[in-house]
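Enquirer: For reference, the sequence and a predicted model appear below.
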Amino acid sequence: MSVIPQHLWLLPRRWRASALGPAAASRPGFTLVELLVVTAILGSLIAIIFPAVQAAREAARRQGCSDHLKQLSLAVAEYEAAERQFPAGRVGCDDTADVPVCPPGLSPERKTAASGFVTLLPYLEQQPLHAQLAVDQGGLWNRNIDDLGWFANPRKAAGVAQRLPLLVCPSDEAEAISDVYAPVLAATGSYAFVQGTKGPAAPRPKAKYDNDGMFVYVTPRRAGEISDGLSRTMLIGEVIMAHTWESSNTWTYARLNADCLRTTEYILNTQPGQGTSYERQNGAFGSNHPQGGFFAFADGHVEFLADQIDHGLYRAMSTIAGEE
């Protein structure tokens, strides 16, 4: 066994090998076979670890989504405790005829289409944004917007374009800003209120104003009306493709079968555009989580419902007084 002189350790490796002679310089490194074995082992480790990493990421996204819905359900509960009623799904009426709660000759303010999420802003620590949107001063998403011009108000336009992190599921793949209602550019959201079982197949006035779920146009529900029990009544669920016309979900706007109001007429994760729909909008809830989606309930708890849930049970949980 040769001993390397101490003074040679100060030289770079390639000079040191030359100084020690050709025998030292020609010592072999890894062989091709060894490199292939190492590569195979690394590939196997990656194949094992990558699904685990992906699963961990999805678990974190699921927890984040569940936490968001929990906070929204608590905001609904705080609003109910303060106002002795739940927020309406949509603040105002539209041009639907023969609806008792919407008299003829509606003023622009009564046609306000602001969603219940706008109503909840003070209970989500978003009082400045609530004041900025100022629904009671000129409305928001009013009918005939070209005539009313609320979107020309720069403060309202900026508020409508603001995307709240709390209203976005970490698994949501939708674009942040939607141009579905151009010239208005509006922020999207991942969640919608449960309006009940009456969707595209139902007469539109009945579906809007007399649906069987927690959130309808104009009329707020009261706790005494929830005879099915708060723990068995859904409040809010997930939606997908919020930036598209087929599944538009602008968080400041409320519109039947889209935009913050959905129904259980179709089973969970029925794809946008499928089934009988109104203007290609089927009003279905959907999620980017594998095999199901999250819903918040009126007592504040959140559940993950599987795609295979019985449709009758799914519909039953969306009503307030079905006595199922």
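Expert: Looks like it arrived, so ask away. Numbering: from 1, shown residues only.
Enquirer: As a check, name the ranges of all helices in the stretch 51-200 of the chain.
Expert: With helices called from DSSP state H, counting those that start in this stretch, the stretch 51-200 of the chain shows them at 116-120, 127-133, 145-148, 154-160.
Enquirer: no, scratch that, I was asking about the stretch 201-324 of the chain
Expert: Assigned by DSSP H, counting those that start in this stretch, the stretch 201-324 of the chain shows helices spanning 204-209, 311-316.
Enquirer: for the record, mean pLDDT for the last one?
Expert: Okay, so that is helix 311-316. Mean pLDDT, helix 311-316: 96.
Enquirer: do stretch 208-227 as well
Expert: Taken as a whole, stretch 208-227 has a mean pLDDT of 94.
Enquirer: if we can go back for a sec, and the helices of the stretch 51-200 of the chain: which comes nearest residue 269?
Expert: The minimum distance between residue 269 and those falls on helix 116-120, with 22.3 Å, by CB to CB. (Each C-beta comes from the backbone N, C-alpha and C, glycine too.)
Enquirer: wait, what's in contact with residue 140?
Expert: Residues near residue 140 by CB atoms under 8 Å, 6 or more residues apart in numbering: 91, 112-114, 118, 133-134, 150, 156, 160, 252-253.
Enquirer: And the residues you listed, which of them are buried?
Expert: 91, 112-114, 118, 133, 150, 156, 160, 252-253 (16 or more other CB atoms under 10 Å).
Enquirer: so which of these comes closest to residue 59?
Expert: Among the buried ones among the contacts of residue 140, and counting by CB to CB, the member closest to residue 59 is residue 252, at 30.9 Å.
Enquirer: Give me the neighbour count for residue 311.
Expert: Using other CB atoms under 10 Å, residue 311 is surrounded by 13 other residues.
Enquirer: Quick one, grab the pLDDT at the nearest residue to it once chain neighbours are set aside.
Expert: Counting by CB to CB, 6 or more residues apart in numbering, residue 267 is the residue found nearest to residue 311 once chain neighbours are left out, at 5.2 Å. Confidence at residue 267, expressed as pLDDT, is 95.
Enquirer: all strands for the chain, in order.
Expert: In the chain, the strands defined using DSSP state E lie at 177-178, 186-187, 191-196, 234-238, 261-263, 292-297, 302-306.
Enquirer: What is the nearest of the contacts of residue 140 to residue 167?
Expert: Each of these was checked against residue 167 using CB to CB; the closest is residue 252, at 9.8 Å.
Enquirer: Apart from its neighbours in sequence, what residue is nearest residue 70?
Expert: Closest to residue 70 by CB to CB, 6+ apart is residue 302, at 5.3 Å.
Enquirer: Hmm, the one you found is touching residue 71, no?
Expert: No - using CB atoms under 8 Å, residue 302 is not in contact with residue 71; the gap is 9.9 Å.
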